[in-house]
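Student: Please work out how this folds:
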Amino acid sequence: MNTTSSYTPHRPGTIEQIQIRGDVSYRLRRWLAQESSSMSAPPLLLAHGWMDMGASFQRFVDALGTEREVVALDWRGFGGSRASRPSDSYWFYDYYADLDAVIDHISPNAPIDLLGHSMGGNIAMIYAGTCPERIRRLVNVEGFGLARTLPSQAPGRLAQWLSELKTPVAIRTFASVQEVAGHLLKRSPHMDEGFALWLAGEWAERKADGRWHVRADAAHKRVNPILYRCDEVLAAWEKIQASVLWVEGDKPEQTPLSPERYSREEFEARLGRIKSLQRLRIDDCGHMVHLDQPGILAQAVESFLV
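Tutor: Prediction:
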């Protein structure tokens, strides 16, 4: 691997730090529409997945046209977004409210287009069914949802969470930015090496101990004490009014589906709840679609958003 990044963003963005919900500082990465554009397209908001950040969409944005504004958020506890007080755990309900506040900030009076990847896709689906008037088009990239849970699992889950609260949690650190890039390439083997080195410098930071630390709160690693309530999730999916584009890679081993816990058949039945659905499977692509095949994803998204 090269020791320096050979990548430079083709469409540089700007960083905006906003305060939402009283005490939460949210980082937005914004790419403005071309000044000469006559197109009155709504902004496109990008919502990343677990242990990711808005910067990872840079190559995807590079491949998009410049006719619309694009905004990528860092979820609270990832990248540059933090609450003023430390958190024991992170709740999806906070993410829903954070998303609502970010949309109020970037487009208070008109619906937006929304793309969510993995965890971000799951959040986006719930939000789009809860506040359907806020979303014009929705792209869900590998946001499969989770396996159905049973009420009988609740006491064990809560006990696990209480136990984990007593144990310090930590995220792996790295000896060099090249080691960080190597880790990212293991997760996304089709990603360009030059971009991996650039992203490594965004995804992690060198601290006083000389090691590179992931820009994420280790509390994300604790189990969530709230069970995944599948029936409530699907009730929200049924309320989505926006057209939905479902995108997945062609590497099924990287999805959360498994015959024992959450089968492909069950997932297909869930997708059947969506009123207006288009589908796309991208070749040579794992779970991190926006990193493995950013150009193909951008082309598909642009066609869908017209």
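
Student: Report how far apart the opening and closing residues of stretch 222-241 are.
Tutor: The first residue of stretch 222-241 is 34 Å away from its last residue (Cα to Cα, to the nearest Å).

Student: 33 is where my numbering starts, stick with that
Tutor: Will do, 33 is the new start, and the previous item becomes stretch 254-273.

Student: So for that stretch, what gets flagged as buried?
Tutor: Residues of stretch 254-273 classed as buried under the neighbour-count rule (16 or more other Cβ atoms under 10 Å) are 254, 257, 259-260, 262, 265-266, 268-269, 272. For the C-beta atoms, the positions are set from N, CA and C on the backbone; glycine is no exception.

Student: which residues touch that stretch?
Tutor: Outside stretch 254-273, the residues within contact range by Cβ atoms under 8 Å, 6 or more residues apart in numbering are 120-124, 157-158, 160-162, 164-165, 167, 170, 177-183, 185-186, 189-190, 192-194, 196-197, 201, 302, 305-307.

Student: Could you rerun that using 6 Å?
Tutor: The set of residues that contact stretch 254-273 without belonging to it, under Cβ atoms under 6 Å, 6 or more residues apart in numbering, is 121, 157-158, 160-162, 164, 178, 180-181, 186, 189-190, 192-193, 196, 305-306.

Student: Just those: which are in helices?
Tutor: Secondary structure assignment by DSSP state H places 157-158, 160-162, 186, 189-190, 192-193, 196 of the contacts of stretch 254-273 in helices.

Student: would you list the buried residues of stretch 254-273 in TSV and tack on pLDDT and secondary structure?
Tutor: Listed next are these as TSV, based on pLDDT from 0 to 100; DSSP: H, G, I helix; E, B strand; the rest coil:
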residue	pLDDT	secondary structure
Arg254	95	coil
Pro257	95	coil
Leu259	96	coil
Tyr260	95	coil
Cys262	96	helix
Val265	97	helix
Leu266	97	helix
Ala268	98	helix
Trp269	98	helix
Ile272	98	coil
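
Student: With distance to Phe92 as extra columns, can I get those in TSV?
Tutor: Listed next are the buried residues of stretch 254-273 as TSV, based on distance: Cβ to Cβ, whole Å:
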residue	distance to Phe92
Arg254	30
Pro257	34
Leu259	33
Tyr260	28
Cys262	30
Val265	26
Leu266	29
Ala268	26
Trp269	25
Ile272	23
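
Student: Please identify which of these is nearest to His215.
Tutor: Nearest to His215 among these, counting by Cβ to Cβ, is Arg254 at 21.4 Å.

Student: any idea how far His319 is from the closest one?
Tutor: Counting by Cβ to Cβ, to the nearest Å, the gap between Arg254 and His319 amounts to 22 Å.

Student: before we move on, what about Glu292?
Tutor: Relative to His319, Glu292 is positioned 19 Å away (criterion: Cβ to Cβ).

Student: Of the two, give the one with the bigger neighbour count.
Tutor: More neighbours sit around His319 than around the other of Glu292 and His319, counting by other Cβ atoms under 10 Å; the figures are 21 against 6.

Student: which phi and psi does the residue lying closest to the more buried one once chain neighbours are set aside have?
Tutor: Counting by Cβ to Cβ, 6 or more residues apart in numbering, His319 lies nearest to Gln286, which is 4.1 Å off, once chain neighbours are set aside. The phi and psi torsions at Gln286 (degrees, to the nearest 10) take the values phi -100, psi 0.
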